[in-house]
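Asks: let me see the structure of the following:
(one chain, ligands or ions: 2)
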Amino acid sequence: MGNPPIGARAEVCPFYSDAAWIEGRAVDQLNEVAAWPGMTAIAAFPDLHPGRHGPVGAAFLADRIYPQLIGPDIGCGMALFRLDLPRRRLKLDKAVRRLEVLQDGATPDEAAMALAGTPGAPLGPHGLGTLGGGNHFCEVQAVAGISDPARAAALGLARGDLCLLVHSGSRGHGAGIFTGIEARWSVGLTPDSDAAQDYLALHAAAQAWARVNRRVLADRAAEALRCDLRLLCDAPHNHLARHGAGWLHRKGAAAPDRGLAPLAGSRESLSYLLTVPKGPAQALGSVSHGAGRRFDRAAMHGRIPRVKSTQEAMRQTAFGGRVVCTDRDLLIEEAGSAYKDPAQVVADLASFGLAAPILALEPLITFKTCAREGRT
Ligand SMILES: Nc1nc2c(ncn2[C@@H]2O[C@H](COP(=O)(O)O)[C@@H](O)[C@H]2O)c(=O)[nH]1
Ligand SMILES: [Mn+2]
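Replies: Numbering: from 1, shown residues only. Ligands and ions are numbered 1, 2, ... in the order given. Here you go, the predicted structure:
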């Protein structure tokens, strides 16, 4: 393939309509990354928004490896499970109390057992079974509407059924790997260099660790709710993968799992389960995983007053759901109004033939953090 000549730019393919809320700063970032050495193609999705080292909500194909496009949360993803629990048996306040165990993380024995024999094992058990901060969450949801009855039935899902959506990644492990390599990334790592090989090995471990973490979180939530659960799909959205002769960097762009991907809205809007067909080659086998930020964290502090009455009100949602978040800054920064309209994101993806909704999920309990000493 060879490097493009200096001044050449990767083709940027936007998969969003004029109705999408896209910040100019995110488009500027796309254009900057398009001019990076060795960048060959970029797909931008309707959840696109500015990020620290490049835009979020996009997939980047290059002939070399840019760790900064993946960022610290290597392997972050969304796993959706069906809960074997009738909705009438879910008592919200009791369930909220029981879910507080999620703050603790796995015991060392549980963690060691869950990691044993996986590529994540060398990273060790520290932090396993914890969500982390920011927009990570574990959410009990109910099927609120079905758009594709045949696919929903094939997945064993009907209106009112309960699901669990877990959004988490590799915690401090990914961050440590990223910091360790930081000084060497600026023009990308050539794939056969020692630095690239080291990064790839650590990246693979972090990605596997993150997947185990989502499973452990889900198992602990199901145990707390006294029910069984079944995995529907686990789609990572911050990672590096081979793609033809190049390296595909997904930054907030999901790799579908067996043709399925969750699309998270916010704690105050619907989320969706999508079916993802092969789609156009320019989409680089990727799709949106969320609604995407509309306002950054600092802006949210200007939009929502930090007063007690407002904070209390934010712990209940328009769906009658509960939000477990004792961190007052996080409660504001992650309010539903921080995010774009997920229905518009889904409509844009559908109009480009990238995905179609199977069903919509309403949030019942969004667990983020509670005032209880965790294990880690
Ligand atoms: N159902 C919920 N969705 C949420 C919540 N907080 C954020 N989100 C959505 O998830 C993605 C995550 O983005 P990432 O870049 O950190 O991977 C975000 O775009 C939101 O649309 C929530 O509490 N519940
Ligand atoms: Mn994420």
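
Asks: next helix or strand past the helix or strand encompassing His239?
Replies: Following DSSP states H and E, one finds His239 within strand 238-243. Using DSSP H and E, the helix or strand that follows strand 238-243 in sequence is strand 246-251.

Asks: ok so Ala144 is a strand residue?
Replies: Yes: applying DSSP: H, G, I helix; E, B strand; the rest coil, one finds Ala144 inside a strand.

Asks: for His243, see how far away it is.
Replies: For Ala144, the distance to His243 equals 35 Å [CB to CB, to the nearest Å]. Where C-beta positions appear, they are placed from N, C-alpha and C, glycine not excepted.

Asks: first-to-last residue distance for stretch 176-195?
Replies: Distance across stretch 176-195, first residue to last, is 15 Å (CA to CA, to the nearest Å).

Asks: run through who's touching it.
Replies: 36-38, 62-68, 70-72, 74, 196, 198-199, 202-203, 206, 247 (CB atoms under 8 Å, 6 or more residues apart in numbering).

Asks: assumed Leu200 was part of a strand.
Replies: No: with three-state DSSP as the criterion, Leu200 is assigned helix and is not in a strand.

Asks: check contacts around it.
Replies: Taking CB under 8 Å, 6+ apart as the test, what Leu200 contacts is 65, 240.

Asks: Ala241 versus that one, what's the distance?
Replies: Leu200 is 11 Å from Ala241, by CB to CB.

Asks: buried set for whichever strand or helix holds Gly302?
Replies: Element membership for Gly302, per DSSP H and E: helix 297-303. Buried positions in helix 297-303, judged by neighbour count with 16 or more other CB atoms under 10 Å: Met300.

Asks: now do it: distance to the chain's middle.
Replies: 22 Å (CA atoms, centre = their mean, to the nearest Å).

Asks: how about the residues of the stretch 1-150 of the chain near ligand 1?
Replies: 47, 56, 76, 135, 137, 139 (CB under 6 Å from any ligand atom).

Asks: that should have said the stretch 201-350 of the chain, apologies.
Replies: Checking the stretch 201-350 of the chain against ligand 1 by CB under 6 Å from any ligand atom, the hits are 237, 252, 264-267, 271, 290-292, 334, 339.

Asks: returning to what we had before: more neighbours: which of Ala144 and His243?
Replies: More neighbours surround His243 than the other of Ala144 and His243, with 18 against 15 (other CB atoms under 10 Å).

Asks: what sits opposite that one in the beta ladder?
Replies: Beta bridges link His243 to Gly246, judged by DSSP bridges.

Asks: and it, what is it in contact with?
Replies: By CB under 8 Å, 6+ apart, the neighbours of His243 are 61, 284-285.

Asks: quick one on the thing from earlier: next, format the residues of the stretch 201-350 of the chain next to ligand 1 as CSV and append pLDDT, secondary structure and neighbour count.
Replies: Shown next, in CSV, are these (pLDDT from 0 to 100; DSSP: H, G, I helix; E, B strand; the rest coil; neighbours: other CB atoms under 10 Å):
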residue, pLDDT, secondary structure, neighbour count
His237, 98, coil, 28
Gly252, 98, coil, 25
Ala264, 98, strand, 28
Gly265, 98, coil, 24
Ser266, 98, coil, 25
Arg267, 97, coil, 27
Ser271, 98, strand, 27
Gly290, 98, strand, 27
Ala291, 98, coil, 29
Gly292, 98, coil, 27
Glu334, 96, coil, 26
Tyr339, 98, strand, 25
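
Asks: from these, pick the one nearest ligand 1.
Replies: Distance to ligand 1, by CB to the nearest ligand atom, is smallest for Gly290 among these, at 2.6 Å.

Asks: hmm, the closest one is touching Leu48, no?
Replies: No: with contact defined as CB atoms under 8 Å, Gly290 does not reach Leu48; the gap is 11.0 Å.
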